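> Got a predicted structure here, sequence first:
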Amino acid sequence: MTNLDNLLNVLKQGKNKILYKIDNQTITYKEAYKEVLTLSNSLSKQGNSPVILYGHKSIDEFISILSCVVAKRTYIPVDKYTPKKRIEEIIKKTNSTLLIKNENIKIKSIESLTIKELNEKYKYKKKKKINTNNIAYTIFTSGSTGDSKGVPISYDNLNHFISWILKLKEFNNCNNLNVLSEASFSFDLSVMDIYFSIYKKNTIIALKNNNISNLKNIYKIIKNDNINFLIMTPTFIKILLTDNNFNDNNYPNIKYMFFCGELLEVETVRKIKERFNKVKVINAYGPTEATCFVSLIEINSKMLKEEYIPVGKLNTSAVKIELDNNEIILKGKSVFNGYLDLKSDNYYKEKKTNCYKTGDIGIIENNYLYCKGRIDNQIKYQGYRIELEDIENNLLKLKNIKEAVAVAKYNNNIVKLIKAYVVLNKEMKEHEIKKELSKLIPNYMIPKKIIIIDKIPVNNNGKYDRKKLSSL
Ligand code: AMP
């Protein structure tokens, strides 16, 4: 029996322990078991298609995810901050016939129900034949064409990931902990939050996006909920470290800090180690396409003497890691089988390659893997993955924009801001461009500055001179 097949049992075994807590609302393992049993039954009666889970971090969104897994229906977490146009595109691309409304939204093209409505409507209906497409979830990420790109992760991928993390020695003593979950469900770091916590019988303490702007509240949660294990992006710890009182005297229960999703700077780890002497700092690496992360390493003091810290060890990685012209290539069971196939009738066409060219520049030294930037225009900004061409192509969708280029401004390998240069057909103010753009792409992708110019400079190859524009 696979880990996912055993999910309901694991929930049942957790009994009265709290499984998920958010905004002072809690659900125990046993209560979650009952809710997942009911909702997964309703889902099996409603149909076979992928299910859009619309909302943000909430108990309902969490229960919806687990219920989809049990009902063997692909879940597609779509955050409430996603523009409606993008949501409509996602519905179309995935052929979904159901949207679970964990936040209010009006969308005509799909049956949209709350959990309660879904359970009531399908209570006395017959179960439909399971016609699973073998995909556990699809996460949509920024695509260079200007459309969001679906990354389908199969049950095999996810089961392999779970079995791998359960065997890792780094997590040997990680049972019965209080785990802080920072990521939203539409970011694949949440895959670690959910499955690591459940299978290790931990309690998840989740933060909402708007909590991030209320730092005092986050410190309070970390203290009062006795957080032992933080799952987060380096961006998030840098925010926490802004207060000098964030140290092991005041937060003695913190035992682990787990990072993934972007470059973890040596300087950041040095600061952590100064404040939290005994905390284990783990750096993990991997793209959504290879199921959350594929390698990890506990950072020791020797590693802090170098310019970069490693992102993993080759002999304990989830997949085979190779370099091709310095690019990191991943091969193995947790690697997906290709993007949502837009041209084919079969939306989740299996290519059976299990091989992914990451676009990350890698170095292998003494069996350690290092990640040193990108070969393309994909960036990480405040933890979010963004293709700069995604911003450009959406700018070009606006009526009065003739040419557009988006560039990132760096400070020590970290993106500090995104700006865009545009050439106009007809006068438009910066704030008008931003307003129109916000209907097409999420807020975190909107350039901080949009500069209107007469001509975009090109380099010797006739391409936009991104380097020059980025340094301006
Ligand atoms: P995502 O699909 O959002 O998880 O983003 C994956 C990308 O984030 C990778 O291809 C890397 O470019 C970057 N990334 C993830 N983890 C790390 C890490 N530990 N160090 C440096 N870059 C990372």
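That came through fine.

> Where does pLDDT dip in the chain?
Within the chain, the stretches with pLDDT under 70 are 131, 341-352.

> what about the most centrally placed residue in it, distance to the ligand?
The chain has Phe187 as the residue nearest its centroid, 1.7 Å off, counting by Cα atoms, centre = their mean. Remark: distance between Phe187 and the ligand (Cβ to the nearest ligand atom, to the nearest Å) = 6 Å. C-beta coordinates here come from the backbone N, C-alpha and C atoms, glycine included.

> That residue touches Cys260, doesn't it?
No - under the criterion of Cβ atoms under 8 Å, Phe187 is not in contact with Cys260, lying 10.1 Å apart.

> What is the helix or strand harbouring Lys12 packed up against?
Following DSSP states H and E, one finds Lys12 within helix 7-13. Helices and strands touching helix 7-13, by 3 or more Cβ pairs under 8 Å, 6 or more residues apart in numbering; DSSP states H and E, are helix 29-46, helix 59-71, helix 197-199.

> Correct me if wrong: Pro234 contacts Glu265.
Yes - counting by Cβ under 8 Å, Pro234 touches Glu265, with 6.7 Å between them.

> Next up, the contacts around Leu66.
Leu7, Leu11, Ala32, Val36, Ser40, Ile194 (Cβ atoms under 8 Å, 6 or more residues apart in numbering).

> List the strands paired with the strand or helix carrying Lys357, with their directions.
Per DSSP H and E: Lys357 is located in strand 355-365. The pairing partners recorded for strand 355-365 under DSSP bridges are strand 327-331 (antiparallel), strand 368-374 (antiparallel).

> What is the nearest of the contacts of Leu66 to the ligand?
Distance to the ligand, by Cβ to the nearest ligand atom, is smallest for Ile194 among these, at 15.1 Å.

> three-state assignment of the closest one?
Using DSSP: H, G, I helix; E, B strand; the rest coil as the criterion, the local structure at Ile194 reads helix.

> thinking Lys238 is in contact with Thr268, fair?
Yes - the pair Lys238 / Thr268 is scored as a contact, 6.1 Å apart, by Cβ under 8 Å.

> Which strand residues bridge Leu417?
Here Leu417 sits in beta bridges with Lys409, going by DSSP bridges.

> residue contacts, it?
Tyr381, Ala408, Lys409, Pro447, Lys448, Lys449.

> Need these in JSON lines (columns: distance to Lys435 and neighbour count).
Shown next, in JSON lines, are these (distance: Cβ to Cβ, whole Å; neighbours: other Cβ atoms under 10 Å):
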{"residue": "Tyr381", "distance to Lys435": "20", "neighbour count": "19"}
{"residue": "Ala408", "distance to Lys435": "22", "neighbour count": "20"}
{"residue": "Lys409", "distance to Lys435": "23", "neighbour count": "15"}
{"residue": "Pro447", "distance to Lys435": "13", "neighbour count": "24"}
{"residue": "Lys448", "distance to Lys435": "15", "neighbour count": "12"}
{"residue": "Lys449", "distance to Lys435": "15", "neighbour count": "12"}
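
> Make TSV out of these and add distance to the ligand.
Shown next, in TSV, are these (distance: Cβ to the nearest ligand atom, whole Å):
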residue	distance to the ligand
Tyr381	11
Ala408	13
Lys409	18
Pro447	19
Lys448	21
Lys449	24
